[in-house]
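>>> sequence and predicted structure are below.
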Amino acid sequence: MIRKTENYFILETKNTQYILEIDAENKLVQNYYGAKINDYIPNRSHVCSFFCVEKNEKSDEGKNIEYPTFGHTDFRTPAFSCELPDGSCVTDFEYSDYKILDKKRSLEIMPCARSGGESLIITLKCKNAPIRIELMYAVYEDCDVIVKNAAIFADGEDILIDTAFSQSLSLSPEYDNVCYLAGAWARERHVQHQKLGYGIFEIGEARGTSGHNLNPFFALYKNGATETCGEVIGVNLIYSGSHAAKIETDRFGGVRALNGINPFNFRKKLNKGEKFETPEAVLTYSAQGFGKMSRNFHDFINEYIIPAKWAKKERPVLINNWEATYFSFTEEKLLEIARMAKELGIELFVLDDGWFGKRDLDNCSLGDWTPHLKKLPKGIDGIADKVLEKGMKFGLWFEPEMISEDSDLFRAHPDWAIVTDNLTPSKGRCQLVLDLTRSDVQDFIVSVFDRYLVGGKISYVKWDMNRYLSDVPRKGYCHEYTLGLYSVLNRIFKKYPDVLFEGCSGGGGRFDLGMLCYFPQIWTSDDTDAVERLKIQNGTSFAYPLSCMSAHVTITPNHQTGRVCDMDTRFAVACFGVFGYELDLAKEPEREKIKTQIEFYKQIKEITLQGDFYRLSDGNVFSFQAVSKDKSESAVLFVKQLSVPNVIEKAVRLQGLKEDSIYFVNGSGVSFSGADLMNRGFTPEFAQGDYKAQLLVLKEKKEK
Ligand code: DGJ
């Protein structure tokens, strides 16, 4: 709900309020964000003026300016800065007007959240130049989420924008801790905590994609916040390009948190009459720690981000040939895997990299999307037909944004690759990136999908992207590239809404809300080691639901770590995600277990993918729990990492159950009350040895 009373705007969700104020100097300031304080709102302007440098001086420095701009009396990090035609960079904005809309509008080019109800548009006008800023706020009441962004209008003259963050958040000094997700290839999204002090703390990527290293998500929290208690504000961004979040603790201790397009190497010329939209930022406040923050994000993403068609639709259990064969396969070998997979209950066969051009290694053929006839004599149609005949679905891997130097495409269109004249082309994984800002390149990519998807034989596509952008030709190019990508995706997804697309970027290198607006699921990491995956899936769950995290059972010893883990543990971890296999079934000694695993997965997938998720512990014993929305069923995972002799395992307290209900464990006669499981806890029993797992399915006893 959104209201205006006197000089306040009150945005309300189920448990939170976000309050804006037009102050005595006609500035839009942030009055409050947190748990509801009802309608008795103290005026904050007088508090702010206390901070003025000199008593008789008018300054914005101590004010919680809602969308701070550069150059006048606010000396902190601005959300917006631009160069005016006379070379000056000074702007000063004041409140102009507002409107409340029944729905949230969509962005023109970029992906954005679907509307969940009302939105508010507040217009700010620049006092010294013909520039207008529209701030948009949308409320998502049930999941306690607020979506914000800013749009800049050059009303009277051309301007050069240097910085245009999506939003700015002003918090009190108690929010002096930040949690964020950091990593690298095969180590994505490990949870980090950092104490904030005076100065600027920054996370971001300037590599053209949201990246493996620093995910756009972060959370600010007060001391003592845990999984179950304490105040936490989570922030994310619906964007897949170079992004940044800057958190400034000012000299008075106040905290300003900005996020959006990375201003580094950014510039946008806005011609007179043009508009520039920033990506949408997503905010949620939780008074019950990180767990509730994550569940708010999960509900929001499942309901308003993931394409509606796929949000609740069953995802097929798949087998992918990558770790089974890498580039070295024949049609016969693939069909052997598909045949065995079908017998075990697997529903979709995915042919990964190496099916096109003359690609036997990663050094050639990207862009030549014609079948590798030595491996697939009857082409893609040939193998697809045979897989479909077996009663399975067929899926295919592409890396559409790339071009190999050794490819017919490069020989025909060398100018399509992003390179710098007079410099040796800088390659990543032996490849170059296509210039997605060009309309002929965009048309080419769309035509590739037309060629393969029109026939209807392919029901799943894995869209990979295995390097970052370098040698970008101008400031602002990374954003232009991202818009080019979105434009291609918009065209393809509109044409083929029934095809399930999975995102991928060297594992989980582009795991963000922008991609999730198109791809209902994303390959979480190339690291398929069950123990490493605990950290990766745990971190990813801070910001993203299980319904979008792909997780596969692979062979042991694991290809990324060399670790030996038994089949039960590999399965237990993978089944807390969108599940599949990636191994050579002909060589898998425990193949028969797969049938039972798939039956088990089908029993819990509604709970894990659509229910409420709880992180119960992350020490030597990792435990995750999912609870169905009606609380009648729950799936619980315990994984012991290292074996410790001669100790009693600690009980793990479950969450989210009905206190008064009785729950049966794993279909047996063993039962516990919800209160018992949540207060005393459940003591896992592990087999002897390292890396052992236990899985529970709890079902509520029904009254007769
Ligand atoms: C990186 C992906 O993450 C892998 O799953 C696989 O598809 C390879 N690329 C193929 O080159």
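Nice, I can see it.
>>> is it true that G211 touches Y468?
Yes - G211 lies in contact with Y468 (C-beta atoms under 8 Å); the separation is 7.1 Å. For the C-beta atoms, the positions are set from N, CA and C on the backbone; glycine is no exception.
>>> count of neighbours near N271?
Burial of N271 is recorded as 9 neighbouring residues (other C-beta atoms under 10 Å).
>>> go ahead and confirm it touches D158.
Yes - the pair N271 / D158 is scored as a contact, 5.1 Å apart, by C-beta under 8 Å.
>>> more crowded one of G211 and Y468?
Set G211 next to Y468 and count neighbours by other C-beta under 10 Å: G211 wins out with 27 against 21.
>>> check which helix or strand covers the more buried one.
Counting by DSSP states H and E, there is no helix or strand that carries G211.
>>> now it. Nearest residue, chain neighbours left out?
Distances taken as C-beta to C-beta, 6 or more residues apart in numbering place E205 nearest to G211, at 3.7 Å, with adjacent residues excluded.
>>> before we move on, what about L135?
Using C-beta to C-beta, 6+ apart, the closest residue to L135 is I122 (4.7 Å).
>>> likewise for G577?
Using C-beta to C-beta, 6+ apart, the closest residue to G577 is A551 (3.1 Å).
>>> same question for G224.
G230 (5.2 Å).
>>> beta partners of the one you found?
Going by DSSP bridges, G230 is paired in beta bridges with Q288.
>>> that one reaches M293, doesn't it?
No - taking contacts as C-beta under 8 Å, G230 lies outside contact range of M293: 10.0 Å.
>>> please say which of the two ends up with more neighbours.
Comparing G230 with M293 by other C-beta under 10 Å, the one with more neighbours is M293, at 28 against 19.
>>> so who does the closest residue to the ligand within the stretch 551-700 of the chain touch?
The ligand sits closest to E582 of the stretch 551-700 of the chain, with a gap of 7.9 Å, by C-beta to the nearest ligand atom. The contact partners of E582, taken as C-beta atoms under 8 Å, 6 or more residues apart in numbering, are 319-324, 528, 552-554.
>>> who's in contact with F266?
Applying C-beta under 8 Å, 6+ apart, the residues near F266 are 161-163, 242, 475-476, 478-479.
>>> repeat that for T73.
T73 touches 58-61, counting by C-beta under 8 Å, 6+ apart.
>>> most neighbours of all the residues you listed, which one?
Counting neighbours by other C-beta under 10 Å, D60 leads these with 22 neighbours.
>>> pLDDT score assigned to that residue?
You'll see D60 listed with a pLDDT of 86.
>>> likewise the one 3 residues further on?
pLDDT recorded at K63 is 92.
>>> any idea which helix or strand comes after the longest strand seen in the chain?
If you go by DSSP state E, the chain has its longest strand at strand 159-171. Moving toward the C-terminus from strand 159-171, the next helix or strand (DSSP H and E) is strand 177-182.
>>> any idea how far that next one is from the middle of the chain?
The chain centre lies 15 Å from the centre of strand 177-182; the measure is C-alpha atoms, centre = their mean, to the nearest Å.
>>> got the buried residues for stretch 157-170?
159-170 (16 or more other C-beta atoms under 10 Å).
>>> could you do stretch 444-453 as well?
By 16+ other C-beta under 10 Å, the buried positions in stretch 444-453 come out as 444-446, 448-449, 452-453.
>>> what lies in contact with that stretch?
Outside stretch 444-453, the residues touching it (C-beta under 8 Å, 6+ apart) are 369, 380, 396, 398, 400-401, 416, 434, 436, 458, 461, 488, 491-492, 495-496, 499.
>>> dump the residue contacts of the nearest residue to D92 once chain neighbours are set aside.
Excluding its sequence neighbours, the residue lying closest to D92 (C-beta to C-beta, 6+ apart) is H72, at 4.2 Å. The contact partners of H72, by C-beta under 8 Å, 6+ apart, come to 60, 90-92.
>>> just the buried residues out of those residues, in PyMOL syntax.
To isolate the buried subset of these in PyMOL, counting by 16+ other C-beta under 10 Å, use the following:
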select buried, resi 60+91+92
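>>> which of the contacts of H72 scores worst on pLDDT?
D60 (86).
>>> residue ranges with poor pLDDT in the stretch 1-150 of the chain?
Applying pLDDT under 70 to the stretch 1-150 of the chain flags residues 42-57.
>>> residue in it with the shortest distance to the ligand?
P111 (21.8 Å).
>>> may I see the buried residues of whichever strand or helix holds E202?
Of the helices and strands defined by DSSP H and E, E202 is found in strand 199-204. Neighbour counts using 16+ other C-beta under 10 Å place 201, 203-204 of strand 199-204 among the buried residues.
>>> do stretch 422-431 as well
For stretch 422-431, the neighbour count (16+ other C-beta under 10 Å) marks 427, 430-431 as buried.
>>> just the residues you listed: which are in strands?
Among the buried residues of stretch 422-431, the residues falling in strands (DSSP E) are Q431.
>>> redo the buried residues of stretch 422-431 as TSV? Include distance to the ligand and pLDDT.
Shown next, in TSV, are the buried residues of stretch 422-431 (distance: C-beta to the nearest ligand atom, whole Å; pLDDT from 0 to 100):
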residue	distance to the ligand	pLDDT
K427	15	96
C430	11	97
Q431	10	98
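>>> tell me the one of the buried residues of stretch 422-431 nearest A412?
Comparing the buried residues of stretch 422-431 against A412 with C-beta to C-beta places Q431 closest, at 16.5 Å.
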